[in-house]
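what follows is a protein structure lacking sequence information:
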């Protein structure tokens, strides 16, 4: 996979994960209220860049672990 595709995958995946997790976690914390609906976008806008940066930092370690686990399982 080329670098551009890998970067685009990270952008899309972190967008989807930040959107869903910020919505779910804030819904659990606040309940289904108007206040929740106004706070969710703010939580998402905060979460997405953090998620993107963290995936960039942790991807090399995650790749090593995944490769090690799949090689040791004999698959």
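Arrived safely, thanks for sending. Note that the structure is predicted; figures quoted are calculated from it, not measured. Numbers count the residues shown, from 1 in each chain.

pLDDT weak spots in the chain?
73-75 (pLDDT under 70).

please redo it, this time with the cut-off set to 80
1, 72-75 (pLDDT under 80).

all strands of it, in order?
Secondary structure of the chain (DSSP state E): no strands present.

longest helix of the protein?
Using DSSP state H to define each element, the chain has its longest helix at helix 34-72.

can you tell me which helices and strands that one packs against?
helix 3-30 (3 or more Cβ pairs under 8 Å, 6 or more residues apart in numbering; DSSP states H and E). In this view, the C-beta of every residue, glycine as well, is placed from N, C-alpha and C.

give the buried residues for the helix it packs on.
14, 18, 19, 22, 23, 26 (16 or more other Cβ atoms under 10 Å).

how about the fifth one: what's its closest non-neighbour residue?
The shortest distance from residue 23 to any non-neighbouring residue, by Cβ to Cβ, 6 or more residues apart in numbering, is to residue 40 (5.3 Å).

returning to that earlier point: reformat the buried residues of helix 3-30 as a markdown table; add distance to residue 4.
Formatted as a markdown table, the buried residues of helix 3-30 follow (distance: Cβ to Cβ, whole Å):
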| residue | distance to residue 4 |
| --- | --- |
| 14 | 16 |
| 18 | 21 |
| 19 | 23 |
| 22 | 27 |
| 23 | 29 |
| 26 | 33 |
